[in-house]
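# please work out how this folds:
(2 chains)
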Amino acid sequence: MHERIVAFVKALRAAGVRVSLAESLDSFNALEQLGISDRQLFHDALLATLVKDASQQAQFEELFPLFFGHGDAPMISGANGLSGLDPDELQQLRQEIAQLRERIRELMQRLMDGQNLTPEELAALARSSGINHIQSLNQRRWVERRMEQQMGLNEFKQALEALLKQLEEGGMDAAALTEIMQQMQGNAQALRDQISQFVGSGLAERMSNDYNPQTGDDLQHRPFGSLSDADLQRMRQEVRRLAALLRSRAALRQKRDKAGQVDIKRTMRNNMRYDGVPMKLEYRKKQQKPKLVIICDISTSMRPVAEFMLRMIYELQDQVSKTHSFAFIANLHDITEQLNDSRADISVNDVLESIPPGYYNTDLGHSLDTFLHSHLSTVDWRTTVIIVGDGRNNFNNPRLESLQTIRRHAKRLIWFTPEDRWQWGTGDSDMQLYAPLCDRVHLVTNLAELTAAVDRLLAN
Amino acid sequence: MEEQPTKPVKDGLIAQSYIPTDQIATVLYLADRLEKPLLAEGPAGVGKTELAKAWAAATGRELIRLQCYEGLDETKALYEWEYAKQMLYTQLLRDKLNNLLSDADSLRSAADRLAAEEEVFFSQRFLLQRPLLKAILNPKPTLLLIDEIDRADAEFEAFLLEVLSDFQITVPELGTLKAAHRPIVILTSNNTRELSEALKRRCMYLFIGYPSLEEELRIVEMKVPALGAKLARQAVEFVQRLRNLDLKKSPSISETLDWARALVLLNAKQLDQDVLDQTMTVLLKHESDLQRTQRAIQTGRNRNDEGRRKG
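Predicted structure coming up:
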């Protein structure tokens, strides 16, 4: 049992659930208390100790039956199950089945006798259905269908109808026919369940064996542009991890910050009640949490950076709850509401889909203008304005004066660009014009740089 | 069948008129046995706080509650020196102090003498106990409820970890104070922000969602028996349907109960349009939700009429 649970934990991890060593130890302790005889208790105990995130319970529920299935559903055997039939009728049924084609005959015989597939049979069937080439649980249905096909289950319905018809013509009464039909169908379903169970647990086990967690280190330094789909997936997890890291760093920083300067005025005022003796020192207000306005270029060239930037901000929302986000290609859109959705991937996707990329239609200058006229109220003296973009403006008017006005209203203006300095000014890039207006320009080409930039943002 | 080990938990809660699901009973049992804090998450109003209260009553423990909010820090959660009281004592004891120090020949010996009496001023007498310290020092068995931990700052969460792991607190002037009875700890969270991995790792996790129709019906029948079985079922069915609409704030169990009580007060016999109009604001707290529900009811009714005509 222990090995089974360890394998289950591994499969959970492979499915993206974070389970620590301490937690799997907890699950063993919990089982010691509850025993493993009651399936529901067993399930609840594992759930309470291993999964600490409501959104991940779905993965748990998917994997649990695969590892701790019900076992094979019992089939009802023809000899004692078909109680409504007399020996003659049973004989008649056998004869009719014997007339069928080979494969379907085997199946029908099996269904009538209520024989489950043995593990060896299942394994052989699965092997010839190509289970060894399957990588993920998503392809589970595909293998199952192939196995059912091999068993002849696809033709089962027709065969059963034909069989019943034959028997009816042979003079069998309706009650007996219904009985046969029900049993055959029930057993066929049991067989399907057995196959499904076998495939699912086989795949899950393979998943857990193949899974070896990779650290994100190499990923952090890879340029955003050169990521494969699998990398992107891992990268998203990495963003979450880094965001959590940044969040606790920011929290710590605020905590330490408290031990900073003494606020003389407040100290004197609050210590009046102690006769002016400074019993209790008052410190300057904690560091202001940053207020952010983010303006994101999400044209094709910028998408990877923009996605991860948005994700990072989404994850950090605790620290930067006063954030307004805008995205633009040709026009500026307010995406603050969209980013408030409960899940990062959904909301970020939502944004990226609702503003589809066009063909050479980026207009940074116009977007800055729109911001100036419609959204300047989101900017005040405490706000940091961040522009994420490569400054490629399609030879449109850069509207430097608009940016200047925004800069004047904000606490500071920071630019995240994925292009290095030597690329500025080449082609349609207006970066060298924008850069002098910014307080700082961060080069952000990979996750490590993005993290560092956001960290500096939270630091002051 | 063998009796489940969690049955006493269940019975205890039911005796406090709290109806637990199997999962709730199991997790509570485990948290108790393994001496781990229990983290209960779920939408507002599904009975997380109520669970803690019921469990405290069922186990005969004293409930100490720490309500979290943004800006909560150690002095509000743990302890604080009562400066004003210390000050007052010093003032009143001035004569005594003078006596004590009058025959000291040098400043140094006076200071030494004063230092010898120091523990008078830094004793538990002047320690203002906040919920965490109170839970630890309580001579009786205690249940500590840390409510809405997601509202506190991340830094407070980190501080809490330290307390929850050892159940001891070091006050520099007094030394280390240790718990006489290890309190049971229940944390609740409305999931407004992600809690830290470290905290989650140390807790048993329980997600309490909206109850099923039958469960909710049992709760209503137990808490508002005056409603009558038929109307109770109609009401619960209605609430369950509301939860399927895409509302800003779905009605929770506590709102179902409020509504049920309102129906009893109004002496309603059935759920007709009038009754709904009068009482809907008990269930729904947003104007847009109200309108949406009205529309849904209207379309539902039209469809019914059509069906009747066809039928």
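# alpha carbons only for contacts and neighbour counts from here, please
Noted.
# all strands of the chain, in order?
Chain wasn't specified; assuming chain A. A:291-297, A:323-328, A:332-334, A:383-388, A:412-417, A:440-443 (DSSP state E).
# wait, chain B was what I had in mind.
Ranges of strands in chain B, per DSSP E, are B:38-41, B:62-67, B:79-81, B:127-129, B:142-147, B:168-171, B:175-178, B:184-189, B:204-207.
# can you add distance to chain A and mean pLDDT and give these back as TSV?
Formatted as TSV, the strands of chain B follow (distance: least, C-alpha to the nearest C-alpha, whole Å; pLDDT from 0 to 100):
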stretch	distance to chain A	mean pLDDT
strand B:38-41	8	92
strand B:62-67	19	93
strand B:79-81	10	85
strand B:127-129	15	86
strand B:142-147	17	93
strand B:168-171	17	82
strand B:175-178	21	84
strand B:184-189	12	93
strand B:204-207	5	92
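# coming back round to it: winner for burial among the strands of chain A?
Mean neighbour count (mean count of other C-alpha atoms under 10 Å in any protein chain shown) peaks for strand A:291-297 among the strands of chain A, with a mean of 25.
# wait, what's in contact with the closest residue to chain B within the stretch 1-150 of chain A?
Of all residues in the stretch 1-150 of chain A, A:Ala48 sits closest to chain B, at 4.7 Å by C-alpha to the nearest C-alpha. Each residue near A:Ala48 by C-alpha atoms under 8 Å, 6 or more residues apart in numbering or on different chains is listed here: B:27, B:204-206.
# now do it against B:Cys203, distance only.
9 Å (C-alpha to C-alpha, to the nearest Å).
# overlap in contacts of these two?
By C-alpha under 8 Å, 6+ apart, no residue touches both A:Ala48 and B:Cys203.
# you'd agree B:Leu206 is up against B:Ala31?
No: judged on C-alpha atoms under 8 Å, B:Leu206 makes no contact with B:Ala31 at a distance of 10.3 Å.
# who has more neighbours, the two?
B:Leu206 (26 against 23; other C-alpha atoms under 10 Å in any protein chain shown).
# so what's the more buried one bridging to?
B:Leu206 has these beta-bridge partners by DSSP bridges: B:Ala40.
# contacts only, for it.
With C-alpha under 8 Å, 6+ apart, B:Leu206 has these contacts: A:48, A:52, B:24, B:27, B:38-41.
# and if you look at B:Arg125?
Residues counted as contacts of B:Arg125 (C-alpha under 8 Å, 6+ apart): none.
# where does pLDDT dip in the stretch 301-450 of chain A?
A:318, A:341-342, A:358-360 (pLDDT under 70).
# right, and the strands of chain B - which one's nearest A:Asp390?
strand B:184-189 (41.1 Å; C-alpha to C-alpha).
# and the angle from that closest one to strand B:142-147?
If you take axes from the mean of the first three to the mean of the last three C-alpha atoms, to 10 degrees, strand B:184-189 sits at 10 degrees to strand B:142-147.
# which strands or helices does strand B:184-189 pack on?
Counting contacts by 3 or more C-alpha pairs under 8 Å, 6 or more residues apart in numbering or on different chains; DSSP states H and E, strand B:184-189 packs against strand B:38-41, helix B:48-59, strand B:142-147.
# let's have the ones you listed in CSV, adding mean neighbour count and distance to B:Gly12.
As requested, the helices and strands packed on strand B:184-189 are exported to CSV (neighbours: other C-alpha atoms under 10 Å in any protein chain shown; distance: least, C-alpha to C-alpha, whole Å):
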stretch, mean neighbour count, distance to B:Gly12
strand B:38-41, 25, 18
helix B:48-59, 21, 5
strand B:142-147, 24, 15
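# closest one to A:His324 among the ones you listed?
Of the helices and strands packed on strand B:184-189, nearest to A:His324 by C-alpha to C-alpha is strand B:38-41, at 28.4 Å.
# coming back round to it: between B:Leu206 and B:Ala31, what contacts are shared?
B:Leu38.
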